[in-house]
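S.K.: The following comprises the amino acid sequence and a computationally predicted model.
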Amino acid sequence: MKRAVAVAASTAIASGLVLVAGAAPSSAATTGSARAASGVLWDDCFYHRASYSVGAAASAEYWNLDLNLIGPDGRNAGGDYLFQGTDPASGTASFYFCGGMDRPGTYKIRGTITAYDADYNETTYAIPTSSFTMRQPRTTSALAAKPKKTRVGKVVRLTGTSKVERPNGYYALTTTRVRLQQKVNGTWRNVKAAEYTNYAGRTAFRVKAKKKGTMSFRLRTPSSSTETGSVSKVVKVRVRR
């Protein structure tokens, strides 16, 4: 296929695609775009939508739009391909993500539009690069103590709840090892062994009050390849003799 150095004047006026050899594309030729809102890397595989427009190329005899997605590490992370006859001049493209496999961070969309005149001479130019962010689902941690006032030698029961962000809200984070932590001399230390959350996202701990004063506890839900970590608000238990 022969590449034209310049498009015939009549075709150029109709399509708005004017290129001069060795020069940058005109402002009219760069009106194409592709953008996506920031999103969440859910723990399954899904399509993340992006809006696109081919701009001035819509009036060409034929066009195609090749979109490339660049990941946070700078490597190709997928893409989409739109073309006249199947896709409208502006609409929705999509990028495929899989939580736990794709990295959170900033992704860039780069695209190239190729337009053809009636004689099938082609004009190719890049659309402006755009970016969006993909993050991991968040978790929440909560902790309750009973009783909140006790005596030395008595046992305090602490109940933890861990939840994870899903497309429709926060739900129980099951079978996840969480830690009960106690503040000792200004430092948070793990208390006993880690416990697994149950089907309701809950865990239970028992701690004996050894001396008079205030015991401070918190629950820590660790991060993983599919979600972020979190810590609960501090729960205090007063101990007297």
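M.R.: The structure has been received and is ready for your questions.

S.K.: For this protein, which residues score under the pLDDT cut-off?
M.R.: Low-confidence segments of the chain (pLDDT under 70): 1-30.

S.K.: tell me, which strand in it spans the most residues?
M.R.: strand 122-135 (DSSP state E).

S.K.: So for the following helix or strand past that strand, what gets flagged as buried?
M.R.: Counting by DSSP states H and E, the element after strand 122-135 in chain order, helix or strand, is strand 139-146. For strand 139-146, a neighbour-count test (16 or more other C-beta atoms under 10 Å) marks 139-143, 145 as buried. In short, each C-beta sits where N, CA and C put it, glycine included.

S.K.: Strand 139-146 pairs with which strands, parallel or anti?
M.R.: Sheet partners assigned to strand 139-146 using DSSP bridges are listed as strand 155-166 (antiparallel).

S.K.: helix, strand or coil for Q181?
M.R.: Following DSSP: H, G, I helix; E, B strand; the rest coil, the label given to Q181 is strand.

S.K.: what's the burial count for it?
M.R.: Residues lying near Q181 (other C-beta atoms under 10 Å) number 20.

S.K.: and it, what does it touch?
M.R.: Contacts for Q181 (C-beta atoms under 8 Å, 6 or more residues apart in numbering) come out as 188-191, 217-220, 231.

S.K.: Now do the helices in this structure.
M.R.: With DSSP state H, the ranges of helices along the chain come out as 9-15.

S.K.: Need the residue closest to the centroid of it.
M.R.: Nearest residue to the geometric centre of the chain (C-alpha atoms, centre = their mean): M134, 2.0 Å.

S.K.: Would you mind confirming that it makes contact with G39?
M.R.: Yes. Between M134 and G39 there is a contact under C-beta atoms under 8 Å: 5.4 Å.
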